[in-house]
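[1] build the 3D model from these lines:
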Amino acid sequence: MFAKLNHIAIASDYYAINARFYEALFGLRTAKNYRPARATVVSDGRVGLNIIPRREGRCSGLDHFGLEVEDIDLAVSRMAKFDPTLAAIKRPPVRPFAAYSAHDPDCNVFDLSQSNIGFQKDVYAESLERTTRHFSHVAVRTRHAEKCAEFYAEVFELQLLNKKFDDDNYYLTDGNMVLSLMQWRMEDFADMDPQRTGPDHIGFRVESVAQVMA
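    The predicted structure follows:
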């Protein structure tokens, strides 16, 4: 695949405790190269979960996801061809998780890095063995799900899995993880508080739901 989903980021006031939660409940492993004073990274062997301290003025919870590509210049040029208004900005060299920050047509923010360059490859480096309980998908609630699905398919060559599910959402995969684009409509929130757009939830595949609940 040209691109893969390589990390998910969560902002938390208790980032170190949250990391221990995911280690204990899902068997994720602490990455060997991380910044314990500034964040904690746990991994299932394929995908990293970067748990970062919540900065003042920011919301806690899911913050963004990251894509790793074979050729970052080609990815950025494809973004401009898809929509000239899309932006990708370079990040500081001391930031190991991404070379760029970018957004899709609905302004959902994601990190963008290139495989096998610099120290970025070390933080989410794949291990030889994936944990038994591992990430299955990351979901984003967005206003123009179909347009965003076209974006991720054309720019990053993620495979569209639609027509397999009887709903209005769009599902794309890199062969390991699924990116779920959930269609957001105001009318879906009649008689209840509307949920905001943006990162919605993460999913795990486990050997037994009952064992996890226990």
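
[2] least trustworthy helix or strand in the protein by mean pLDDT?
    The weakest-scoring helix or strand in the chain, judged by mean pLDDT, DSSP states H and E, is helix 120-123 (a mean of 51).

[3] quick one, strands of this protein?
    Applying DSSP state E to the chain gives strands spanning 3-12, 29-30, 40-43, 48-53, 61-69, 88-90, 100-103, 109-114, 134-142, 159-160, 170-173, 178-183, 198-205.

[4] pipe these into CSV and attach mean pLDDT, mean neighbour count and distance to residue 192 per row.
    Just so you know, the C-beta spots here come from the backbone N, C-alpha and C atoms, and that holds for glycine as well. Below are the strands of the chain laid out as CSV (pLDDT from 0 to 100; neighbours: other CB atoms under 10 Å; distance: least, CB to CB, whole Å):
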stretch, mean pLDDT, mean neighbour count, distance to residue 192
strand 3-12, 95, 22, 25
strand 29-30, 89, 14, 39
strand 40-43, 91, 25, 33
strand 48-53, 91, 22, 29
strand 61-69, 94, 22, 19
strand 88-90, 89, 13, 36
strand 100-103, 94, 18, 28
strand 109-114, 93, 21, 26
strand 134-142, 97, 21, 14
strand 159-160, 95, 14, 31
strand 170-173, 96, 21, 24
strand 178-183, 96, 21, 16
strand 198-205, 96, 16, 16
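
[5] could you export those as CSV, including distance to residue 212?
    Converted to CSV, the strands of the chain look like this (distance: least, CB to CB, whole Å):
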stretch, distance to residue 212
strand 3-12, 18
strand 29-30, 17
strand 40-43, 16
strand 48-53, 16
strand 61-69, 20
strand 88-90, 37
strand 100-103, 33
strand 109-114, 28
strand 134-142, 13
strand 159-160, 28
strand 170-173, 23
strand 178-183, 19
strand 198-205, 8
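
[6] show me the contacts for the spatially most central residue of the chain.
    The chain has residue 65 as the residue nearest its centroid, 2.5 Å off, counting by CA atoms, centre = their mean. The contact partners of residue 65, by CB atoms under 8 Å, 6 or more residues apart in numbering, come to 5, 7, 8, 9, 110, 111, 138, 140, 179, 199.
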